[in-house]
Every structure is written in structure tokens, then in C-alpha cells.
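> Sequence plus the predicted model coming up.
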Amino acid sequence: MPSLKELKLRRDSVKSTQKITKAKQMVAAAKLRKAQAAAEAARPYSERLEAVVASLATKIAGGSGEGASPLLAGTGKDDVHLLVVANSDRGLAGAFNANIVKAALAKARELELDGKKVLFYLIGRKGRPVINRTYPGKIVHQYDTTGVKEPGFAQAQAIAQELSTMFLEGKFDVAHLFYSRFKSALAQIPTEQQIIPVKIPAGADRNAIPATVEYEPSEEAILDDLLPRNVSIQLFKALLENNASEQGASMTAMDNATRNAGDLINKLNIQYNRSRQAAITTELVEIISGAEAL
């Protein structure tokens, strides 16, 4: 049985940990409001841009016409798939990072069963150990976000430029983006999205756009400008969603840790008081026994 001194030291240690987790919970809660607002504000634009690109693509010979941009028509192959996994650089966020990596690894196994080659492009460093252990030598690049406090469009543009260059150099045929879509502080949804080449909705056809719509300049010229921008916007949206999801997961995890620390402190208090009471009782018995002996 631990001594009174050991119990007191352990209780004080848990109290210090509780102060840290409580402070981190409050910081995450303050950051969450701003991150959630940014993520929700980006959704309508990114979703509408994706719909516009898909609509325009259906007018260019079903999205695979001759002379179409490679970001739309693809390479003509489906052999090499690049999985872009967006994680954070920090932990203490529950299963936030683990769930994204789990979804990416499940997709990788599915593609390998179909005979495809799988490569990984990482954003953030938390997912690297697990992916490198499961698929050694398959990580082609890791975008460093160590010094980034809040996701910005500049980072999304830089990542999009790197991916576009790799695609045009023939290093992969299809790129899938994995991130966590923010739903609430308690729920974050691991999400997969094909970003290169543009995925045309199933069943889309040229009749989906009214014949009275005319584009100036041509649909091809508009797509040449919109396709690279669409990749940047989708990546930016993913980074904003990830940031909000991370803060929500961190707030929830730190709240649970604070509650667990409080429960442990209560148990240690009870154990300490019982041990102290037993020690006092033993001393009284010894004093009384000694007095009676005299």
C-alpha cells in the first residue's frame, strides 16, 4: 500500500496535469469558433466551383474530348494512384489523425487488390510513422506545415502546384485527397475526394446544361483557368476543415482528460484520507496501549 507521502505526490501530479488539460481545452475552444466559421464559409464556394467545373466538363465531349486539359481528361491510364493525406503536426486531439490515416490505408488496400500502384503525399507529420511502417518507401513527399499556425490559401496553392507538376510529369494518374470534414466538436468525418483529374458526376451529359447558356471565351479556355484553381480551392477547403476538426477533437479530448483527472483526484483523496485515518487510529491505539501498560 502506498504511503501518505506517495499518495500526496501523486495527487499533486494529477492536479498539475488537470490544470494543463483544462488550459488546452479552453485554448482549443477559443480557436474552434474562428476555425469553424472559416470552414463553413469556404464550403459554398468550393462546392459551387466544383459543380461549375463538372458542368463545363460535360460540354467538352463528355469531359474527355481531344485537346482537353490533362487535369480534366487525365493521362489515359488508371495505374498509379497518389493518396494525399492531410494530417496535423500536433497530437492530443483524440482519434482525429488516426481516423484520417485509417481511411487512407483502407483505400490503399482496396486499390492494391485491384492491381493498382499506390503512392502517398503527406501534409503534416502525424500520419507519417504509421504510413511509413505499413507502406515503406511509398511516401513520395511530405509538405512541412510545422511553422504554419493557421492554414492559408498560399499553402494550398503551393501544394496544388506541386501536385500538378507531379501529375504533368507522369508520376501518378489519379490523386485522392483525405481529410476530416467538420460536423461538430464531437463528430469529425474522414472524407475522401478525387481532385486530379476532375471527377465527372455519374450520369452527367451535355443536355444537363441549358442550350441557351453561352460562354465567352470558350468552355476549353475557361476550364484551362478554372481547373488549376479548383485543385487549389479544394485543398484549401480541406485544410480549413481539418483545422476546425482538429480544434474540435482537441477540445473534446482535453475535456475528457480533465474529467478523468478530476475522477482520479477524488479517488486519491479518498485513499489518502483513509490511509491518514488509519495511521491516526494506529497512533492512538499505541498511545492508549502504552498508557495502560504504565
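Right, received. Where do you want to start? As the structure is a computational prediction, the values presented were derived from the model and not from experiment. Numbers count the residues shown, from 1 in each chain.

> Which stretches in the chain count as helices?
Along the chain, the stretches classed as helices by DSSP state H are 4-58, 70-73, 96-113, 128-134, 153-168, 219-293.

> okay, the ones you listed in CSV with mean neighbour count and mean pLDDT next?
(C-beta placed from N, C-alpha, C; glycine too.) Output for the helices of the chain, formatted as CSV (neighbours: other Cβ atoms under 10 Å; pLDDT from 0 to 100):
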stretch, mean neighbour count, mean pLDDT
helix 4-58, 16, 87
helix 70-73, 20, 77
helix 96-113, 18, 91
helix 128-134, 14, 90
helix 153-168, 17, 89
helix 219-293, 17, 86
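
> Figure out which of these is closest to Ala185.
Taking Cβ to Cβ, helix 219-293 is the member of the helices of the chain nearest to Ala185, at 3.9 Å.

> Show the secondary-structure elements that that closest one is packed against.
helix 4-58, helix 70-73, strand 80-86, helix 96-113, helix 153-168, strand 174-182, strand 188-196 (3 or more Cβ pairs under 8 Å, 6 or more residues apart in numbering; DSSP states H and E).

> need those in a markdown table with distance to Ser245, can you?
Listed next are the helices and strands packed on helix 219-293 as a markdown table, based on distance: least, Cβ to Cβ, whole Å:
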| stretch | distance to Ser245 |
| --- | --- |
| helix 4-58 | 8 |
| helix 70-73 | 27 |
| strand 80-86 | 10 |
| helix 96-113 | 6 |
| helix 153-168 | 16 |
| strand 174-182 | 4 |
| strand 188-196 | 4 |
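
> of these, which approaches Gln142 most closely?
strand 80-86 (9.7 Å).

> For that closest one, give the mean pLDDT please.
Mean pLDDT, computed over strand 80-86, is 92.

> residues in contact with it?
Strand 80-86 is contacted from outside by 100-101, 104, 107-108, 111, 116-124, 127, 131, 140, 159, 163, 166, 171-179, 195-196, 238-239, 242, using Cβ atoms under 8 Å, 6 or more residues apart in numbering.

> Keeping just the C-alphas, turn it into CSV.
Extracted as CSV, the C-alpha positions of strand 80-86 are listed here (Å, rounded to 0.1, in the frame of the first residue of the first chain):
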residue,chain,number,x,y,z
VAL,A,80,-0.8,4.8,-60.3
HIS,A,81,-2.8,6.4,-57.5
LEU,A,82,-1.5,9.1,-55.3
LEU,A,83,-3.1,9.4,-51.8
VAL,A,84,-2.9,12.9,-50.4
VAL,A,85,-3.2,12.5,-46.7
ALA,A,86,-3.8,15.8,-44.7
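
> which residues does Val84 bridge with?
Bridge pairing for Val84 (DSSP bridges) gives the partners Tyr121, Leu177.

> any idea how far it is from Asn243?
For Val84, the distance to Asn243 equals 16 Å [Cβ to Cβ, to the nearest Å].

> Check Arg90 too.
11 Å.

> Leaving out chain neighbours, which residue sits closest to Ser180?
Ser245 (3.9 Å; Cβ to Cβ, 6 or more residues apart in numbering).

> no no, Val198
Distance criterion Cβ to Cβ, 6+ apart; nearest residue to Val198, sequence neighbours excluded, is Leu72 at 5.2 Å.

> you'd agree the one you found is up against Leu226?
No - the criterion here is Cβ atoms under 8 Å, and Leu72 misses it with Leu226 at 9.7 Å.
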